[in-house]
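Chemist: Model the following, please.
(2 chains)
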Amino acid sequence: MTRFDPSDDSVVVIIGSGAGGGTLANELCQKGFKVVLLEAGKRQSSATFHNDEWFAFNQLAWLDKRTTSGNWQIAKDFPNLPAWTCKTVGGTTVHWAGASLRLQKHEFKAKTTYSNVTGANLLDWPLTLAELEPYYAKAEYKMGVTRTNDIPGLPGNNNFKVLYNGATRAGYKNVHTGRMAINSRPRDDRSACWQLGFCFQGCKSGAKWSTLYTEIPKAEKTGKLDLRPESRALQIQHDKQGKATGVVYADKDGKQIVQKARIVCVACNSIESARLLLNSSSSTFPQGLANSSGQVGKNYMRHTTGSVYATFAKPVHMNRGTIMAGIVTDEAELNLKRGFAGGFELETISLGLPFAAAFLKPGAWGRDYTRLLDQYVNMAGMWIVGEDMPQESNAVTLHPTEKDQWGLPIPNVHYDDHPNDLAMRNYAFKRGAAIYDAVGAVQTIAVPPYPSTHNLGTCRMSENPGDGVCNKWGQTHDLKNLFISDGSQFTTSAGENPTLTIVTLAIRQADHIAEESSKKNI
Amino acid sequence: MVEKRNDGGNMKRREFLQKGAIVVAGAAAVVSGVAVVGNAGTADQWTAGLKTLNAHEGGTLLKVAQQIFPHERLDDSDYIVVVTDLDAEATTKPDIAKLLRDGVANLDSAGSVKFADLSSDQQVAVLQKNENTPFFQKVHSTELVSLYNNHTVWKKLGYEGPSYQLGGYLHHGFNDLNWLPDPPALASP
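Modeler: You can find the predicted model right below:
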């Protein structure tokens, strides 16, 4: 096991081991960089995962207290759980469903394409699809995305059969089992999918790509990775010249350690990344680190989501097999005639009985609700994932009074649905119901958003340093050797599940770090 | 019947489900571990196993639990597990014991007869009036996990749960739906 000394200031410190941080760590190690990877959570494995929703939730989820505000339903239903992300080695790649979609050309130009959406803080990415394409190809190859690189699609399960028949009868043309980072055949020393039905709980077959058992062990093999689980980053330090110099973290015993660094990369998922920068304020940077624009924590996006479930006269058994077993992409295309900007995907989703009871109608009770749960076996489900509008007032901020066990302010997550988000969600609810009605649904129900798994935008990329936190490489405008390496870089949310793009940006960022290092620029 | 349940860390998850002031962080994990459900033939027999709540409180909570998530396919023993879990928490947390006791007393004072003796419709009406109380929310959030994470309940409601021990659903019906045509191979290889 490689260990670097805390005083070794030649290491790159990466905070967070998920899609962004885990990938970046491996890419940099492969290039010969010494990397210290700090991860707040413990290391699990396919052997220690449990096919049990509540057990796995407690084992993997980020449960530190947060508060919420705003008019989003989450603030009512789950006031202390705005997000469903992970605190474990591999981060939320342990929990994700595997959908791997490229952003579309026009989505990089949201401001130009959608023009002026009142109340939205839209901005064009400082990047184009063309610039990212070679890196998307690398990410798809790395992750083994189905329907790319001659990798066949996954076989559809029962939930997909319902979606496929309903969607095609409702007139949709683009319906298939998706582009998934789940092996449809053995690849990269990992098995093909067993159709376990517990993608969200950590994949026990290892068929689903996760940095936990791909990037991280590969990085460890180079001898260049010092992975430190149960290490909670508290503050990023800097010198008088405005260069990041190290990270203060608490180890599993609560001991605070300063790890020196030549480069610091922040990949803690959008809520904690913003919080860490805000909690790293100093006399030089009183608004928080990398926050001369005032945009750190702002423009928090979580995708316009929601689900549609339906019951049928005959069994479906949606719990059997991959959670995101198929997709309808027709509504993701650019189409401003529907009364809202942006597009959305419809993807199958399923919940086991324990989570169905908790999430189908949060807080519900009584005979009407249990009649629905009685139909569990005959139920099919789909998830809506669409572009939401960045709003400056939707923000991660430091709580004015409540502090965590290290005395640092906890985050508050404020989110108001934009009228565009509501219009899209309502439209998507109707389209989802139409799909199930086309195959004889007995009952359809529109389910409000779950705690957010797609957390984006709180350290967004911008061409102009006044509009955002980092440039098109994820390098912060204010500190040359401080990088943002997760979904918080996203300038806008686009309508696609974000992981593939996070991985793509991490691969690209590693190239940039290597180039700038060789030029002695950082 | 001994039902062994894998429910480590029950408290955390219940508390995030509760609305309002109760929070996730700092919740102590109370693990009931093994819930022993004896012969549920009479109230006396099962309530004798309660550690903190008395027979009347246990019996009333049983009725409450049955009204919150009524399922014809379930029987008393499934709901007794919920009351047993509430009792276990009340045993380690005096504030929870008080919340439950006071809550039962409050329900009993709502009508001319005690809650358990009201008609089913009357019980529902009383609970509707109380659904925003911390008492109701405590029972509701506990039951949500206790009832629906009980493997016996899974079987009765048709949820199959894990398939790892079978090698997944790959050869156990993941695509056996036959009341709709199979999608073409291009869409679903």
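Chemist: contact partners of stretch A:100-110?
Modeler: With contact meaning C-beta atoms under 8 Å, 6 or more residues apart in numbering or on different chains, stretch A:100-110 is reached by A:113, A:122-125, A:127-129, A:132, A:136, A:139-140, A:143, A:145, A:179-181, A:332-334, A:341-343, A:345, A:387, A:491-492, A:494-497, A:499-501. From N, CA and C alone the C-beta is placed, and that goes for glycine too.
Chemist: I'd like the mean pLDDT over that stretch, please.
Modeler: Mean pLDDT, computed over stretch A:100-110, is 98.
Chemist: Check stretch A:124-144 too.
Modeler: The model assigns stretch A:124-144 a mean pLDDT of 98.
Chemist: Could you do stretch B:128-139 as well?
Modeler: Stretch B:128-139 carries an average pLDDT of 97.
Chemist: re earlier: let's see which of the contacts of stretch A:100-110 end up in helices.
Modeler: A:113, A:129, A:132, A:136, A:139-140, A:143, A:499-501 (DSSP state H).
Chemist: Tell me which two in those residues are the farthest apart.
Modeler: A:113 and A:143 (27.8 Å; C-beta to C-beta).
Chemist: quick one: which of these two has more around it?
Modeler: For the pair residue A:113 and residue A:143, the greater number of neighbours falls to residue A:143 (32 against 18), based on other C-beta atoms under 10 Å in any protein chain shown.
Chemist: my guess is that one meets residue A:504, correct?
Modeler: No. Using C-beta atoms under 8 Å, residue A:143 is not in contact with residue A:504, being 9.8 Å away.
Chemist: picking up where we left off before, could I get the ones in helices among the contacts of stretch A:100-110 as a markdown table with distance to chain B?
Modeler: A markdown table is the format used below for the ones in helices among the contacts of stretch A:100-110 (distance: C-beta to the nearest C-beta, whole Å):
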| residue | distance to chain B |
| --- | --- |
| A:113 | 29 |
| A:129 | 25 |
| A:132 | 27 |
| A:136 | 22 |
| A:139 | 22 |
| A:140 | 17 |
| A:143 | 18 |
| A:499 | 22 |
| A:500 | 20 |
| A:501 | 25 |
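Chemist: List buried residues within those.
Modeler: Buried members of the ones in helices among the contacts of stretch A:100-110, scored by 16 or more other C-beta atoms under 10 Å in any protein chain shown, are A:113, A:129, A:132, A:136, A:139-140, A:143, A:499-501.
Chemist: Chain A: helices as residue ranges?
Modeler: A:19-30, A:53-60, A:74-77, A:110-114, A:129-143, A:158-169, A:215-221, A:269-278, A:353-359, A:367-374, A:419-437, A:499-518.
Chemist: closest one to residue B:71 among those?
Modeler: helix A:367-374 (5.3 Å).
Chemist: Check which residues of stretch B:143-157 are buried.
Modeler: B:143-150, B:152-154, B:157.
Chemist: measure residue A:356 to residue A:347 for me?
Modeler: Per C-beta to C-beta, to the nearest Å, residue A:356 is found 17 Å from residue A:347.
Chemist: picking up where we left off before, just checking, which of the helices of chain A sits deepest inside the structure?
Modeler: Mean neighbours per residue, mean count of other C-beta atoms under 10 Å in any protein chain shown, is largest over the helices of chain A for helix A:19-30, with a mean of 30.
Chemist: what does stretch A:415-427 contact?
Modeler: With C-beta under 8 Å, 6+ apart, stretch A:415-427 has contacts from A:68, A:70-72, A:74-75, A:82, A:117-120, A:300, A:302, A:304-306, A:338-342, A:344, A:384, A:386-389, A:391, A:393-394.
Chemist: okay, now residue A:252: neighbour count?
Modeler: Using other C-beta under 10 Å, residue A:252 has 11 neighbouring residues.
Chemist: if I read this right, it contacts residue A:43, doesn't it?
Modeler: No. Using C-beta under 8 Å as the test, residue A:252 is too far from residue A:43 to be in contact (11.4 Å).
Chemist: what residues are shared contacts of those two?
Modeler: Common contacts of residue A:252 and residue A:43, defined by C-beta under 8 Å, 6+ apart, comprise residue A:229.
Chemist: residue contacts, the closest residue to chain A within chain B?
Modeler: Residue of chain B nearest chain A, by C-beta to the nearest C-beta: residue B:168 (2.9 Å). Taking C-beta under 8 Å, 6+ apart as the criterion, residue B:168 is in contact with A:193-197, A:205, A:321, B:174.
Chemist: cool, residue A:433 as well?
Modeler: A:308, A:310, A:441, A:444, A:446.
Chemist: Check the offset of stretch B:135-144 from the chain's centre.
Modeler: 8 Å (C-alpha atoms, centre = their mean, to the nearest Å).
Chemist: pull the CA atoms of it into PDB?
Modeler: The C-alpha trace of stretch B:135-144 is given here as PDB (Å, rounded to 0.1, in the frame of the first residue of the first chain):
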ATOM      1  CA  PHE B 135     -47.100  10.700  18.000                       C
ATOM      2  CA  PHE B 136     -48.700   9.800  14.700                       C
ATOM      3  CA  GLN B 137     -45.600  10.600  12.700                       C
ATOM      4  CA  LYS B 138     -43.500   8.500  15.000                       C
ATOM      5  CA  VAL B 139     -45.800   5.500  14.600                       C
ATOM      6  CA  HIS B 140     -46.100   6.100  10.900                       C
ATOM      7  CA  SER B 141     -42.400   6.400  10.200                       C
ATOM      8  CA  THR B 142     -41.500   3.400  12.400                       C
ATOM      9  CA  GLU B 143     -44.200   1.300  10.700                       C
ATOM     10  CA  LEU B 144     -43.100   2.300   7.300                       C
END
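Chemist: Can you give me the distance of the nearest residue to residue A:128 once chain neighbours are set aside to residue A:391?
Modeler: Residue nearest to residue A:128 in three dimensions, not counting chain neighbours: residue A:108, with 5.7 Å by C-beta to C-beta, 6 or more residues apart in numbering or on different chains. Counting by C-beta to C-beta, the separation of residue A:108 from residue A:391 is 19 Å.
Chemist: Those two - which one has more neighbours?
Modeler: residue A:391 (25 against 21).
Chemist: Distance of the spatially most central residue of chain A relative to chain B?
Modeler: Taking C-alpha atoms, centre = their mean, the centroid of chain A lies closest to residue A:454, which sits 4.0 Å from it. To chain B, residue A:454 is 20 Å away according to C-beta to the nearest C-beta, to the nearest Å.
Chemist: mind checking pLDDT for residue B:26?
Modeler: 28.
Chemist: typo on my end, it should be residue A:115
Modeler: Value listed for residue A:115 in the pLDDT field: 89.
Chemist: Just give me the neighbour total for the residue of chain A found nearest chain B.
Modeler: Closest approach between chain A and chain B, counting by C-beta to the nearest C-beta: residue A:194, at 2.9 Å. Using other C-beta under 10 Å, the number of residues around residue A:194 comes to 24.
Chemist: and if you look at residue A:407?
Modeler: Neighbour count of residue A:407, defined by other C-beta under 10 Å: 7.
Chemist: Just want the phi and psi numbers for it.
Modeler: phi 80, psi 10 (degrees, to the nearest 10).
Chemist: What's the separation between it and residue A:256?
Modeler: Distance from residue A:407 to residue A:256, counting by C-beta to C-beta: 11 Å.
Chemist: what do the two both touch?
Modeler: Common neighbours of residue A:407 and residue A:256, using C-beta under 8 Å, 6+ apart, do not exist here.
Chemist: tell me the contacts of the one residue sitting closest to the centre of chain B?
Modeler: For chain B, the residue nearest the mean C-alpha position is residue B:143 (2.6 Å; C-alpha atoms, centre = their mean). By C-beta under 8 Å, 6+ apart, residue B:143 lies in contact with B:65, B:68-69, B:82.
Chemist: Can you tell me which of those residues are also in contact with chain A?
Modeler: Applying C-beta under 8 Å from any C-beta of the partner chain to the contacts of residue B:143, one finds that B:68-69 fall near chain A.
Chemist: Please tell me how far the residue lying closest to the residue nearest to the centre of chain A once chain neighbours are set aside sits from residue A:405.
Modeler: Spatially, and ignoring its direct neighbours in sequence, residue A:454 is nearest to residue A:303 (4.4 Å; C-beta to C-beta, 6+ apart). For residue A:303, the distance to residue A:405 (C-beta to C-beta) stands at 31 Å.
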